[in-house]
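Enquirer: pasting the structure only:
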């Protein structure tokens with residue numbers, strides 16, 4: 001009788017814990033778009049976004065011996081695949097992913113559905129493979145790559161807002177530095193330094209490279225300095241330099257400002273008057289460059305090859321503007337440079353109040369003017 005009573009109490013406790021717990025199987029959750037058009041996780045047949053912990057299991061069961069030797073029973077259980085915490089329908093807190101053998105494969109921290117803080121990946125035997133720092137879903141900080149099964153540091157990189165920014169180092173298996181590179185806003189700056197296994201810098205004789213053209217835009221809100229990608233976009237950079245050297249851009253406006261997207265200028269004067277430029281040029285958007293944050297691109301009409309003098313600076317990574325195909329819809333917008341100084345000026349322009357003027361939308365209420373253009377070589 002005691003055994004029956006104990007069994008009943010045990011089963012009742014399991015039922016009580018299950019009904020009160022916020023720990024559920026991932027199969028019991030569904031994704032739905034909320035009224036705010038955000039993809040959230042809900043329990044099936046529930047109208048409230050899920051808060052709690054969800055488990056996912058591998059499909060094939062793994063055989064395990066029962067701890068009750070008297071009964072001699074064999075239990076079947078599926079190995080855990082992931083364990084994710086949710087808050088108001090979004091991953092929030094520690095997320096853990098597992099190999100079939102129970103070893104953690106990835107550990108990360110989420111805030112409101114975005115990676116935030118440290119994330120780590122491990123090999124099947126538990127050795128660290130990757131460690132990275134995230135901020136609001138983007139790599140931001142130190143990222144380290146390790147040799148699988150050996151635990152030796154291979155590469156250490158620095159990121160800012162998802163782009164390589166800072167010193168990147170590559171190491172020999174001995175731990176001695178092999179390569180050293182410097183990045184700014186996703187682009188390499190300067191030459192790669194290569195070291196021997198003994199730590200001596202290798203000096204390689206290379207053909208002297210022609211100095212790059214640097215364009216300085218002096219605006220009434222501060223300076224903007226631009227480096228041109230002359231090797232990747234020769235037609236576009238020559239066109240831009242022709243305008244810059246002739247003084248065409250002096251007195252023109254940044255006439256279109258869309259926060260989180262672009263600031264555009266180069267074709268209108270005070271009073272929103274059009275300024276006629278040179279004939280249009282060939283679209284070089286198929287050069288492999290992307291419309292990343294701070295990059296400089298040519299503005300145009302719906303005709304892919306209609307760009308003349310107008311340009312824009314990307315305020316975010318605008319992949320929708322990238323080249324995908326040589327069709328009217330897929331040509332994209334040609335990237336031909338990047339801002340290297342004056343980021344605060346770009347951000348200040350992006351923050352001005354805008355309205356409608358002269359049939360144009362998103363026009364600064366107070367004119368933002370390019371006062372002087374200067375080209376130098378570095």
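Expert: Structure received. Here the structure is a predicted model, which means the values were calculated and not measured.

Enquirer: And the closest residue to residue 177 other than its chain neighbours, how close does it get to residue 107?
Expert: If the residues on either side of it in the chain are set aside, residue 177 comes closest to residue 195, at 5.2 Å by Cβ to Cβ, 6 or more residues apart in numbering. Any C-beta I mention is one placed from the backbone N, CA and C, and that applies to glycine too. Taking Cβ to Cβ, to the nearest Å as the measure, residue 195 falls 33 Å from residue 107.

Enquirer: how close does the nearest residue to residue 311 once chain neighbours are set aside sit to residue 236?
Expert: With sequence-adjacent residues excluded and distances taken as Cβ to Cβ, 6+ apart, residue 311 is closest to residue 266, at 4.8 Å. Remark: distance between residue 266 and residue 236 (Cβ to Cβ) = 12 Å.

Enquirer: Looking at the two, which is more packed in?
Expert: Relative neighbour count places residue 236 above the other of residue 266 and residue 236, with 27 against 24, counting by other Cβ atoms under 10 Å.

Enquirer: Next up, the contacts around the spatially most central residue of the chain.
Expert: The centroid of the chain falls nearest to residue 162 when counting by Cα atoms, centre = their mean (4.0 Å). Residue 162 is in contact with 138, 139, 140, 317, counting by Cβ atoms under 8 Å, 6 or more residues apart in numbering.

Enquirer: Kindly give a single PyMOL line that selects the buried subset of the residues you listed.
Expert: This is the PyMOL syntax for the buried subset of these, where burial follows 16 or more other Cβ atoms under 10 Å:
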select buried, resi 139+140+317
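
Enquirer: tell me the secondary structure for residue 329?
Expert: Assigned state for residue 329: coil (three-state reduction, DSSP: H, G, I helix; E, B strand; the rest coil).

Enquirer: Tell me the confidence at it?
Expert: Note on residue 329: pLDDT of 90.

Enquirer: how much space is there between it and residue 23?
Expert: For residue 329 relative to residue 23 (Cβ to Cβ), the value is 48 Å.

Enquirer: can you check residue 330 too?
Expert: Noted for residue 330: a distance of 47 Å to residue 23, by Cβ to Cβ.

Enquirer: What ranges does the chain have for its helices?
Expert: Listed in chain order, the helices of the chain (DSSP state H) span 2-20, 234-246, 343-350.

Enquirer: Who are the packing partners of the last one?
Expert: This means helix 343-350. For helix 343-350, the packing partners by 3 or more Cβ pairs under 8 Å, 6 or more residues apart in numbering; DSSP states H and E come out as strand 222-228, strand 252-258, strand 262-269.

Enquirer: what's the angle between it and strand 252-258?
Expert: Angle between the axes of helix 343-350 and strand 252-258 is 70 degrees (criterion: axes from the mean of the first three to the mean of the last three Cα atoms, to 10 degrees).

Enquirer: Tell me the buried residues in helix 343-350?
Expert: Buried, per 16+ other Cβ under 10 Å, within helix 343-350: 345, 346, 349, 350.

Enquirer: and the third one, what does it touch?
Expert: Spelled out, it's residue 349. Applying Cβ under 8 Å, 6+ apart, we find residue 349 in contact with 219, 221, 254, 257, 263, 364, 368.

Enquirer: For the third one, name its beta-bridge partners.
Expert: It stands for residue 254. Bridge pairing for residue 254 (DSSP bridges) gives the partners residue 265.

Enquirer: where are the low-confidence patches of the chain?
Expert: 1-22, 60-77, 149, 202-211 (pLDDT under 70).

Enquirer: If we use 50, what do you get?
Expert: For the chain, the stretches flagged by pLDDT under 50 are 1, 3-4, 6-21, 62-76, 204-209.
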